[in-house]
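**Q** quick one: sequence and predicted model below, then my questions.
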Amino acid sequence: MNILFRIMMVSIMVIVVGRSSYAQGEAAVPFLLLAPDSRAGGIGESGTGLADNSAAIFWNPAGIAFQTGTELSITHSNWLPQFQLDLFYDYLTYRQYVEDLSGSVTASITYMNFGEFVRTGPDSPEELGRFRSFDAALTLGFASKLSEDWGLGLNARLIHSRLSDQPTAEEQGKGVATSVSFDIAAMWRPTSFVIPLLDEDIGDKFSVGVNLSNLGPKIFYIDRDQADPIPTNFRLGFAFNIFKDEYNSLIGTLDFSKLLVSRTGTRTKVVNIKGKDSTITISESDEFYKAIFTAWGDKPFREELRDIVTSGGLEYWYGSPGDFLFALRAGYFYEDPSYGNRKFMTFGAGIRYDIYGFDFSYISAAEENHPLSDTLRFSVIIGWGGVPDNTRGLPRGI
């Protein structure tokens with residue numbers, strides 16, 4: 001097994017560890033699907049409907065339209081600790097409200113480190129060198145309100161994947177690839193919403209978010225003919241303030257997500273490698289602008305429903321906004337056994353004091369020795385200059 005293939009397997013394993021063979025090759029650069037922050041990580045890896053801090057860049061950039069001021073955060077996690085590998089990721093976010101633009105500009109950097117690899121010859125275990133592999137993405141965005149109740153968010157992203165710095169033996173091309181993608185998202189946070197028949201106004205107590213992320217061309221390492229789709233993803237999320245008084249708040253979240261990648265079959269191709277003809281099998285898939293439609297109907301309807309990932313959680317806050325706040329979180333992540341079988345509980349906690357915040361989350365899988373078990377995320381947040389919004393039931397950022 002060559003170096004490039006081994007590293008690609010590590011990359012895929014980062015997200016889809018435990019998935020069936022059906023799903024393992026669905027998309028390249030799967031680190032783009034990794035839930036990056038500790039707060040959402042503590043509530044079952046759900047945040048599309050909540051999206052009220054700078055991590056909304058990932059979950060739903062439209063949520064930033066309802067935020068003011070400036071916020072900076074960084075998250076670190078050692079990934080798949082059960083494997084005892086040198087895998088970790090870092091996630092840096094920044095948002096800044098610009099009054100002249102009536103909206104916020106945002107930026108984030110995602111970095112996934114796959115560790116150090118030893119390069120050997122094709123017929124000998126002799127060490128020829130060492131190299132490090134990583135995936136990274138730089139995201140720039142803008143979010144603004146369309147009205148008092150509606151927000152819109154847009155992201156543009158540069159993706160760079162460096163799996164191997166040079167080919168091995170008769171391989172062609174390097175394990176280095178670059179591509180781009182963009183996101184479009186919307187958020188609805190009604191100030192007034194009367195439930196029919198009950199005559200009860202639950203405005204300012206819930207929000208609904210939609211995010212269509214990683215829209216972009218395929219990415220390739222060897223040649224364009226062997227390009228793979230990036231993980232275009234659809235998310236629908238809800239957040240609801242279950243209870244709130246002067247010092248207490250309980251929020252519930254629920255997310256549904258689906259990978260919009262449509263594989264259409266395989267074909268063979270004859271390639272010439274150093275004067276020798278070789279036959280390779282190439283997996284074909286729809287382009288992203290087509291897959292966002294065809295991915296909903298490339299399987300029977302019942303199978304399409306099973307392919308949807310469900311996650312949700314509860315977040316309890318105690319304290320006074322602007323002074324000291326303490327949070328406890330719990331959640332659950334569910335993926336159908338036929339389409340990944342990732343199932344785990346999450347727990348987390350956080351504090352906010354003045355302009356500073358700290359969050360952590362913990363994954364507990366029911367399956368013994370599951371590679372995701374005991375995964376920890378840690379986030380540090382600094383936010384300043386925001387205008388408090390005490391009229392709404394949902395907390396805004398830190």
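**A** Sure thing, it's come through.
**Q** span of stretch 348-358 from start to end?
**A** 11 Å (C-alpha to C-alpha, to the nearest Å).
**Q** how about residues contacting that stretch?
**A** Contacting residues not belonging to stretch 348-358 are listed as 38-39, 41-43, 73, 319, 323-330, 359-362, 378-384, 398 [C-beta atoms under 8 Å, 6 or more residues apart in numbering]. Every C-beta, even on glycine, is put in place using the N, C-alpha and C of the backbone.
**Q** what separates it from the chain centre, distance-wise?
**A** A distance of 22 Å separates the centroid of the chain from that of stretch 348-358, by C-alpha atoms, centre = their mean, to the nearest Å.
**Q** how about that stretch: buried residues?
**A** Using 16 or more other C-beta atoms under 10 Å as the test for burial, stretch 348-358 gives 348-350, 352, 357.
**Q** same question, stretch 307-324
**A** Buried residues in stretch 307-324 (16+ other C-beta under 10 Å): 307-309, 311-317, 319, 321.
**Q** what about it, distance to the chain center?
**A** Remark: stretch 307-324 is offset 18 Å from the chain centroid, using C-alpha atoms, centre = their mean.
**Q** now residue 48: phi and psi?
**A** Torsion angles at residue 48 (phi, psi; degrees, to the nearest 10) stand at phi -70, psi -40.
**Q** helices of the stretch 151-300 of the chain, start to end?
**A** Along the stretch 151-300 of the chain, counting by DSSP state H, counting those that start in this stretch, helices occupy 288-294.
**Q** ugh, wrong one, the stretch 1-150 of the chain
**A** Counting by DSSP H, counting those that start in this stretch, the helices of the stretch 1-150 of the chain are 3-16, 21-24, 38-42, 56-59.
**Q** worst average pLDDT in the ones you listed?
**A** Mean pLDDT is lowest for helix 21-24 among the helices of the stretch 1-150 of the chain, at a mean of 38.
**Q** which residues does residue 379 contact?
**A** Applying C-beta under 8 Å, 6+ apart to residue 379 gives the contacts 37-39, 73-75, 357-360.
**Q** ok, now residue 143?
**A** So residue 143 contacts 56, 61-65, 103-104, 106, 151-154 (C-beta under 8 Å, 6+ apart).
**Q** most neighbours of all the residues you listed, which one?
**A** With neighbours taken as other C-beta atoms under 10 Å, the top of these is residue 56, carrying 35 neighbours.
**Q** how much space between that one and residue 161?
**A** For residue 56, the distance to residue 161 (C-beta to C-beta, to the nearest Å) stands at 25 Å.
**Q** next step: the contacts of stretch 348-358 restricted to helices.
**A** 38-39, 41-42 (DSSP state H).
**Q** let's have those in JSON lines, adding neighbour count.
**A** Output for the ones in helices among the contacts of stretch 348-358, formatted as JSON lines (neighbours: other C-beta atoms under 10 Å):
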{"residue": "38", "neighbour count": "28"}
{"residue": "39", "neighbour count": "28"}
{"residue": "41", "neighbour count": "33"}
{"residue": "42", "neighbour count": "29"}
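**Q** I'd like those as TSV, with distance to residue 198 appended.
**A** Listed next are those as TSV, based on distance: C-beta to C-beta, whole Å:
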residue	distance to residue 198
38	37
39	32
41	35
42	32
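**Q** out of the residues you listed, which is nearest to residue 222?
**A** Residue 222 lies nearest to residue 41 out of these, by C-beta to C-beta, at 34.6 Å.
**Q** isn't that closest one right next to residue 55, touching?
**A** No: assessed by C-beta atoms under 8 Å, residue 41 is found out of contact with residue 55, at 9.5 Å.
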